[in-house]
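> coordinates for the following, if possible.
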Amino acid sequence: MKHKLCATLLSLALTTTIHAQTYTAAANRAEITETYRADMSTGQLTISWRKEAKVFADIVGYSGQSSRTLVSFNGAPALTYENTASSTSFEVFYTLSLKDQVPVIDCVYGNIRNAQNGVSIRKAVCNLNKPLSSEYQDLIFAYSDKWIEASNAVSLQSVLVEPFQPAEAPLGRLGEVDVALRYNTVDELMSAAPKTIATAGEKTHEVSSDNAYFVYDADGTTPLALDVEMDPAKHVLKRLTSTELLRAIGAN
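I've put the predicted structure just below:
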């Protein structure tokens, strides 16, 4: 039977009503209090720290089926870009910080779904230190275009036709560990809810049934770690190195 695919010292307090007009965030880092305020009606993001304040235009807002908002991600302020209008859906988080008193985007975390075969792509790039601008959402495309192209070659037919067999979509190799998304059932594919697995030799360990992001350095090719979502509602992450993954695989 075939199934058709359809296209910590950090504290954050957010106003979370549907289509809220104002979102605020406060972060305490290195004895500096940072205050973030996003106005959805004007599109402005105001960042204040010490006696400094900067206002950025056209940072947040709604447009058709896409949105850009201020959120909490891993206990810190972040911007998110969501686009469900295109055939390939995007949910991207851009972590915010100050570097030499300049607001920057440090990491981008992408949760993307390939429109061609339904494969989920959960990857991140860190150590970017890109100055914040109104075009920040475009940062992901320098990496995601390559990720999507690579995922086009993944076949999930084994989970779609009888006798059903699990299908895997590779994420990347971290040291001696291969990380992949495994679809055990059609439902997992249709709902974009695969398991993240880690394999070394003949041994495999199920890392998570929630989101886990394969993290690269700023060049987009050097693997750094696997960031596993421990609390999906708050997007709290736990970073796992290749050594920690090997230990978990061995304990299996």
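> C-alpha only now, for contacts and for neighbours.
OK.
> just the strands from the stretch 151-252 of the chain, written as ranges.
Taking DSSP state E, counting those that start in this stretch, the strands of the stretch 151-252 of the chain run over residues 167-174, 177-183, 195-200, 203-208, 212-216, 223-231, 236-240.
> hey, what's residue 91 bridged with?
With DSSP bridges as the criterion, residue 91 is bridged to residue 82, residue 111.
> can you list the domain ranges for the chain.
For the chain, automatic domain parsing gives the domain ranges 22-150, 156-212+237-251.
> quick one: buried residues of stretch 121-128?
Neighbour counts over stretch 121-128 (16 or more other Cα atoms under 10 Å) mark 121-126, 128 as buried.
> between those, which is nearest residue 46?
Using Cα to Cα, residue 128 is the member of the buried residues of stretch 121-128 that sits closest to residue 46, with 21.3 Å.
> ok, which stretches of the protein are helices?
Applying DSSP state H to the chain gives helices spanning 141-151, 186-190, 242-251.
> for residue 53, give me its contacts.
By Cα atoms under 8 Å, 6 or more residues apart in numbering, the residues touching residue 53 are 46-47.
> can you tell me the closest non-neighbouring residue to residue 62?
Distances taken as Cα to Cα, 6 or more residues apart in numbering place residue 68 nearest to residue 62, at 6.5 Å, with adjacent residues excluded.
> correct me if wrong: the one you found contacts residue 61.
Yes. Residue 68 lies in contact with residue 61 (Cα atoms under 8 Å); the separation is 5.3 Å.
> returning to that earlier point: give me whichever of the helices of the chain is most buried.
helix 186-190 (a mean of 18; mean count of other Cα atoms under 10 Å).
> show the average pLDDT along that one.
The average pLDDT for helix 186-190 rounds to 93.
> so which residue is smack in the middle of the protein?
Among the residues of the chain, the one closest to the centroid is residue 109, at 2.8 Å (Cα atoms, centre = their mean).
> skipping adjacent residues, who's closest to that residue in space?
residue 124 (4.2 Å).
> and the helices of the chain as a markdown table, adding distance to residue 203?
Below are the helices of the chain laid out as a markdown table (distance: least, Cα to Cα, whole Å):
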| stretch | distance to residue 203 |
| --- | --- |
| helix 141-151 | 24 |
| helix 186-190 | 23 |
| helix 242-251 | 6 |
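> to residue 197, which of those lies closest?
Across the helices of the chain (criterion: Cα to Cα), the nearest stretch is helix 242-251, sitting at 9.7 Å.
> for the domains of the chain, give me JSON lines that also has distance to residue 220.
Listed next are those as JSON lines, based on distance: least, Cα to Cα, whole Å:
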{"stretch": "domain 22-150", "distance to residue 220": "6"}
{"stretch": "domain 156-212+237-251", "distance to residue 220": "12"}
